[in-house]
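> Model the following, please.
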Amino acid sequence: MATTNEIQNDNKPASKKKNPVFIIILALLLIGGGWFGFSKYQHSLHHEDTDDAQVSADISPAIPRVSGYVMDVRVKDNQKVKKGDTLLVLDNRDYVIKVEQAEASLQIAQSNLNSAKATTSAAKANIATSQASVGTVDAQIDAAKVNVWRASQDYDRYANLIKDHSITQQQFEQASAAKQTAEKQLAILQEQRKQASQQTNAVAVQSTATASQINVADATIHQRQVDVDAAKLNLSYTVIIALQDGLVSKVNVQPGQYVQAGQALFSVVHSDNVWVIANFKETQLNKMKTGQKVVIKADAYPGHDFVATLTSFSPATGSTFALLPPDNASGNFVKVVQRLPVKIEFSDPSDTLVHKLRPGMNVLVDVHLD
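Purely as a prediction, here's the structure:
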């Protein structure tokens, strides 16, 4: 039987054989860790990366401009639409009636304008007639003045002759009567001219008032035309169309539902034009500039590298645009490293996977500083 010392002596060589393997493994780990740290350090000298980045795209909300009941929903969830496609149709009967009312008011205004123009034409004709009457009376007055002058001359001669008894009393009385008749005729004609002048002035005033009515009627027509245009515009708003190509989000509206003007119903995402918004720490921006190459890795496609370009920097940090931005003057100040949004656009048009990215997806961004 083997003794205890012999057993111990037999185990010693075995334990000595394990020691070199442990040392080798430890050395490899140290060398690997050192190489990994050195490579990371070298990478950091020429790259800046962040995983605080998401895919973004244009999102156009479907918002009705007028209120009404939904008559027809033309799209479904996740449906692809083109610019100008009909998304939603509202009940337009109320707006059709408003258009008809506005058109009827426009016709009434046009009739008033035609009536005012006809009145103005009649007033102008009356003015011409009155002016002609005044001219006729003026001619008659001139003739009456001649008669008065001749009768006055005859009366003066007969008055001298009657003193010498060269004429009879009857002849003198006839001359006196002729003079009085001529004077009365002149007075009547002068009164007629006065009335004709007053009538002409009244017609002129009426014509001026009618011209003012025409101006008012013109303004009324313009106002009614604007009402018609506004009613037709509101009628066109009962059909909601897509403002861009894209994919429809979840449609949370049903036929028969009442919607308010300005109410967001659903959205159309322009997925064919996407970009990345990366939020870099302010300490990473020292060597970053527009035009630098960027490599993007998406969580959805881990084995694919997307080639992109840094295009612009946000004018302010993300906290500045927050709903409740921090106010460092309101309390104790604690320095917090801020992040600045950076826009990155894809630069490889042949990369078909770009069109499969969706807004909100997480990506890893690596900016090449060289």
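> doesn't Val251 make contact with Val73?
Yes. Counting by CB atoms under 8 Å, Val251 is a contact partner of Val73 at 6.5 Å. In this view, the C-beta of every residue, glycine as well, is placed from N, C-alpha and C.
> Show me how far the lengthiest helix in the chain is from its chain's centre.
If you go by DSSP state H, the chain has its longest helix at helix 93-163. Relative to its parent chain, helix 93-163 has a centroid offset of 53 Å by CA atoms, centre = their mean, to the nearest Å.
> Now that helix: average pLDDT?
Averaging pLDDT along helix 93-163 gives 76.
> what about Val96, how many neighbours?
Burial of Val96 is recorded as 14 neighbouring residues (other CB atoms under 10 Å).
> What score does the nearest residue to it once chain neighbours are set aside have for pLDDT?
Spatially, and ignoring its direct neighbours in sequence, Val96 is nearest to Leu235 (6.4 Å; CB to CB, 6 or more residues apart in numbering). At Leu235, the pLDDT value in this model is 95.
> Now do Leu235: how many residues are near it, please.
18.
> quick one: it from Ala104, how far?
Separation of Leu235 from Ala104 (CB to CB, to the nearest Å): 15 Å.
> do the same with Ala316
Going from Ala316 to Ala104 by CB to CB gives 55 Å.
> Same question for Leu369.
71 Å.
> ditto for Gly256
According to CB to CB, Gly256 stands 31 Å off from Ala104.
> So for these two, which sits in the more crowded spot?
Under the criterion of other CB under 10 Å, the comparison of Gly256 against Ala104 puts Ala104 first, with 12 against 9.
> After the top strand by length along the chain, which helix or strand is next?
For the chain, the strand that runs over the most residues, judged by DSSP state E, is strand 266-281. For strand 266-281, the following helix or strand on the C-terminal side (DSSP states H and E) is strand 293-298.
> contact partners of that following strand?
With CB atoms under 8 Å, 6 or more residues apart in numbering as the test, strand 293-298 has contacts from 53, 55, 276, 304-310, 344, 346, 353, 357, 361-368.
> Selecting buried members of these in PyMOL, what would you type?
To isolate the buried members of the contacts of strand 293-298 in PyMOL, using 16 or more other CB atoms under 10 Å:
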select buried, resi 53+55+276+306+308+309+310+344+346+357+361+363+364+365+366+367
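> coming back round to it: I'd like to know which elements the host helix or strand of the residue nearest to Val96 is packed against.
Using DSSP H and E, Leu235 sits within helix 169-236. For helix 169-236, the packing partners by 3 or more CB pairs under 8 Å, 6 or more residues apart in numbering; DSSP states H and E come out as helix 93-163.
> Would you mind getting the angle between the helix it packs on and helix 169-236?
Helix 93-163 runs at 170 degrees relative to helix 169-236, counting by axes from the mean of the first three to the mean of the last three CA atoms, to 10 degrees.
> packing partners for helix 93-163?
With contacts taken as 3+ CB pairs under 8 Å, 6+ apart, helix 93-163 sits against helix 169-236.
> how far does the helix or strand just after the helix it packs on sit from the chain's center?
Downstream of helix 169-236, the first helix or strand assigned by DSSP H and E is strand 239-241. Mean-position distance between strand 239-241 and its chain equals 17 Å (CA atoms, centre = their mean).
> Pull up the pairing partners for strand 239-241, direction included.
Using DSSP bridges, the strands paired with strand 239-241 in its sheet are strand 86-90 (antiparallel).
> which residues touch the strand it pairs with?
Here strand 86-90 makes contact (CB under 8 Å, 6+ apart) with 62, 64, 66, 68-75, 81, 238-242, 248, 253, 259, 265, 268.
> Got a quick ChimeraX command for the buried subset of the residues you listed?
Only the buried entries of the contacts of strand 86-90 go into this ChimeraX selection, using 16+ other CB under 10 Å:
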select :62,64,66,68,70,73,74,75,81,238,239,240,242,248,253,259,265,268
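> Kindly confirm my reading that Gln254 forms part of a strand.
No. Gln254: not assigned to a strand; according to DSSP: H, G, I helix; E, B strand; the rest coil it is coil.
> any idea which residue sits dead centre in this structure?
Residue closest to the average C-alpha location in the chain (CA atoms, centre = their mean): Arg65, at 11.7 Å.
> residue contacts, it?
Applying CB under 8 Å, 6+ apart, we find Arg65 in contact with Asn234, Tyr237, Ala261, Gly262.
> Of the residues you listed, which count as buried by neighbour count?
Using 16+ other CB under 10 Å, the buried ones in these are Asn234, Tyr237.
> Now distance to Gly291 too, for the contacts of Arg65, in CSV please.
Listed next are those as CSV, based on distance: CB to CB, whole Å:
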residue, distance to Gly291
Asn234, 48
Tyr237, 44
Ala261, 44
Gly262, 41
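> Nearest to Arg193 among the contacts of Arg65?
Arg193 lies nearest to Asn234 out of the contacts of Arg65, by CB to CB, at 61.1 Å.
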